[in-house]
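[1] Sharing a model that was predicted from the sequence below.
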Amino acid sequence: MMSRRALSLVAALGLTLTAQACCGNPPPDVVAEQYLRAGTNPDPAAAKAFVDPACHDKEEGRVEAVRMMGIPMKLEKLSVTVDSVTDETAVVSYTAQGSVEGEGGKTKVFGVDVTAGKVSIKDAKRTGQLKLKKIEGIWKVTCE
């Protein structure tokens, strides 16, 4: 039987291959949406297929856009809009709404690791921007 992490990675790879097979190279807004949806998986590694490899260990690789204290949101609504795009870079705005339920969430406060007990947030909302760039002709979320 496959581990949860292995299943997550297979699912992320499947999303990537499906998007590329269906649409060639999906536009930045589609990649951003796939990244955010994959980020709601309990294992954030599921979203790394959509992330610049140089950013895997940064905020973008941990998909903090749809996580609170490391716990993934259960998305109820997601909107993504392209703000700007060139041949090689793009900026995409997003609004993610949903709930966050879990235990043992972690975050840093003033550089100190903080672990929470039970986390229960209804009507959570995150807004922000994602930077994307083409890597070998494929749009990826980047930290640059």
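    Now that the structure is in, tell me what you want to look at.

[2] Which strand runs longest in this protein?
    strand 118-135 (DSSP state E).

[3] Tell me which strands that one pairs with, and in which orientation.
    strand 89-103 (antiparallel), strand 138-142 (antiparallel) (DSSP bridges).

[4] among those, which is nearest M68?
    strand 89-103 (4.6 Å; Cβ to Cβ). (C-beta placed from N, C-alpha, C; glycine too.)

[5] Quick check: mean pLDDT of the closest one?
    Strand 89-103 carries an average pLDDT of 94.

[6] Name the residues of it that come out as buried.
    A90, V91, V92, Y94, A96, G98, V100, G102 (16 or more other Cβ atoms under 10 Å).

[7] Redo the strands paired with strand 118-135 as CSV? Include distance to M68.
    As requested, the strands paired with strand 118-135 are exported to CSV (distance: least, Cβ to Cβ, whole Å):
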stretch, distance to M68
strand 89-103, 5
strand 138-142, 19
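
[8] Where does pLDDT dip in the chain?
    Counting by pLDDT under 70, the ranges of the chain that qualify are 1-23.

[9] Now do the contacts for V80.
    D29, A32, E33, L36, V92, S93, Y94 (Cβ atoms under 8 Å, 6 or more residues apart in numbering).

[10] ugh, typo on my part, it should be T95
    So T95 contacts K77, L78, S79, K125, R126, T127 (Cβ under 8 Å, 6+ apart).
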